[in-house]
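S.K.: Predicted coordinates and the sequence they were generated for:
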Amino acid sequence: MPIILIFSFFLILLSLSIFISFKKKNSIKHSYSLIIPCRNEEHALPTLLHSLENIDYPEELFEVIIIDDASSDDTSKIIQKFCENRSNYTAVHIANKSEKYKGKKYALKKGIEKAQFENLLFTDADCIIPTNWIDSFNRFISEDVGMVVGYSPEKGVSSFRRFSQIITADFYCATINLGVPFSNNGRNLYINKKAYERVDGFEKIKNFTCGEDKLLLNLIKDTQFKIIYNSYCKVYTHPQVKDYVNQQKRRYGQFSLSSPLYKVVSLFILLFFLYLPFYVIFYKDWLGLSIYYVSFLAFWICGLVKHRESFCVFDFVYILIYPYYLIYYSLLGMFSKWTWK
C-alpha cells in the first residue's frame, strides 16, 4: 500500500503541474526562421508545402529553410521548384549523407547556419502546419527562454495510438512545468539560437543516430536558459503505417539518452508496474488499486483539458494497458535493433 500511495501522489503532482503556465500577457511579433529537414519525402511534401503557404504571419517576419538531406527521390526538385519564386523561402541541397553527423543532425546544422533570425522553429516534412503555428510561440519568447516544446499528434490513428500520443505529451508538459524536463518532439519545437550556440550545437551529440531533439533538451536544461511547454498549437503528422514496430522501438527505446535522474525514475516505474499485478492478486488490495487508478485518471483528464482533446470511453481501459505497452516497447527498443532512414 505505501508504494501505491507514493506512486499515486506522484501522479497527482504531475496532474497539478500540467496547469502551470509561463505565457506572457503582452506579446510582440518576433522574427522566426523555420527549419525543415527532408529525406525521401516526395509524397509528403505537397501537404506540408500547402500548409506553409497558409501560415498567418507577416511575411517579412519569417523565413522558411527547407533542406534536402541527400534524398534519392524527387524531394530536391520539389523543394527547389517551390522555393525559387518565394523571397522568404530557401532551398538547401545536401548531396551526400554526413559521416560525422549521424541521423538528420547535419541537415539541421546546415539549416541553422542559413538562418538569419535568432528564433528557430523546427518541424518535419511529413507534418501539417496550422495557420497560427508561428504566432502561438510569441507568448513564450524572451531572452532567457532556450527551448519551447510543442504538441504534435498523429492524424487519423486508432484510439489507443491516440491515447499513447496524448499521454506522452502530458508527461512532456508536466515534467517541463516542474522544471525537470524529460523529453520533447522535433516536429513542433522552438530553440533560441543563443541557447543552441551555448551548448555548441550538435557537436557533443553528433555520434547519436537519433534523438537530437531530446539530447539538445538535456544540454540546454543545464544552462541558464528556460525550457517551456506550448500546448496552444497542434502540429499534426501523418501516421507511420509501414514500419510501426520499428518506430515504437526507436521512440521508446531511448533509455540511454535520458539523464541519470530519469534513468532512476524509469527504473522505479518499471519495478512498480511489474510489482502491481502481483501485489493486487496476492494481497487483494482493491482499495490501493482504486487509489492508483483514480490518480492516473485524474492525470489523464488534466492532460486532455490542457491539450483540448476529448475523452473516449476506451480510455478507461487504456489507463490499465498503456504502462505495459510502454514497458514492452522500451525493453524491445533497448535490447533489439531498430533502423533510421
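M.R.: Yep, that arrived. Residues are numbered from 1 along each chain as shown.

S.K.: make it CA atoms for all contacts and neighbour counts henceforth
M.R.: Fine.

S.K.: gap between residue 259 and residue 183?
M.R.: Distance, residue 259 to residue 183, using CA to CA, to the nearest Å: 10 Å.

S.K.: And residue 202, by the same measure?
M.R.: 17 Å.

S.K.: and what of residue 40?
M.R.: Taking CA to CA, one finds residue 40 at 26 Å from residue 183.

S.K.: For those two, indicate the residue with more neighbours.
M.R.: Applying other CA atoms under 10 Å to residue 40 and residue 183 shows that residue 183 carries more neighbours, namely 22 against 18.

S.K.: excluding its backbone neighbours, what's nearest the more buried one?
M.R.: residue 214 (5.2 Å; CA to CA, 6 or more residues apart in numbering).

S.K.: wouldn't that neighbour be in contact with residue 185 here?
M.R.: Yes - using CA atoms under 8 Å, residue 214 makes contact with residue 185 at a distance of 7.5 Å.

S.K.: Least confident secondary structure element in the chain?
M.R.: Ranked by mean pLDDT, DSSP states H and E, the weakest helix or strand in the chain is helix 244-252, scoring a mean of 69.

S.K.: mean confidence score for the helix or strand that that one is followed by?
M.R.: Using DSSP states H and E, the helix or strand that follows helix 244-252 in sequence is helix 260-283. Mean pLDDT, helix 260-283: 82.

S.K.: for helix 260-283, packing partners?
M.R.: Other elements packing on helix 260-283 under the criterion 3 or more CA pairs under 8 Å, 6 or more residues apart in numbering; DSSP states H and E are helix 315-335.

S.K.: Using CSV, write down the CA coordinates of the helix it packs on.
M.R.: What follows is helix 315-335, C-alpha atoms only, in CSV (Å, rounded to 0.1, in the frame of the first residue of the first chain):
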residue,chain,number,x,y,z
ASP,A,315,-9.6,5.5,-22.2
PHE,A,316,-10.9,3.7,-19.0
VAL,A,317,-9.2,0.5,-20.3
TYR,A,318,-6.2,2.1,-21.9
ILE,A,319,-5.2,3.5,-18.5
LEU,A,320,-4.6,0.0,-17.4
ILE,A,321,-3.0,-1.3,-20.6
TYR,A,322,-0.7,1.6,-21.5
PRO,A,323,2.0,1.2,-18.8
TYR,A,324,2.7,-2.4,-20.1
TYR,A,325,2.7,-1.2,-23.7
LEU,A,326,5.3,1.4,-22.7
ILE,A,327,7.4,-1.2,-20.9
TYR,A,328,7.2,-3.7,-23.8
TYR,A,329,8.5,-1.2,-26.4
SER,A,330,11.0,0.3,-24.1
LEU,A,331,12.7,-3.0,-23.5
LEU,A,332,12.3,-4.0,-27.1
GLY,A,333,13.9,-0.8,-28.2
MET,A,334,16.8,-1.2,-25.8
PHE,A,335,17.6,-4.8,-26.5
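
S.K.: Show me what that helix packs onto, helices and strands only.
M.R.: Applying 3+ CA pairs under 8 Å, 6+ apart, we find helix 315-335 packed against helix 159-177, helix 244-252, helix 260-283, helix 286-306.

S.K.: Need those in TSV (columns: mean neighbour count).
M.R.: Converted to TSV, the helices and strands packed on helix 315-335 look like this (neighbours: other CA atoms under 10 Å):
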stretch	mean neighbour count
helix 159-177	20
helix 244-252	17
helix 260-283	13
helix 286-306	18
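
S.K.: which one of the ones you listed lies closest to residue 191?
M.R.: Closest to residue 191 of the helices and strands packed on helix 315-335, according to CA to CA: helix 159-177, at 14.7 Å.

S.K.: counting contacts, what elements does the closest one pack onto?
M.R.: helix 2-17, strand 226-234, helix 286-306, helix 315-335.

S.K.: could I get these as CSV with distance to residue 268?
M.R.: Below are these laid out as CSV (distance: least, CA to CA, whole Å):
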stretch, distance to residue 268
helix 2-17, 10
strand 226-234, 25
helix 286-306, 15
helix 315-335, 12
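
S.K.: I'm done for today, thanks for sticking with me.
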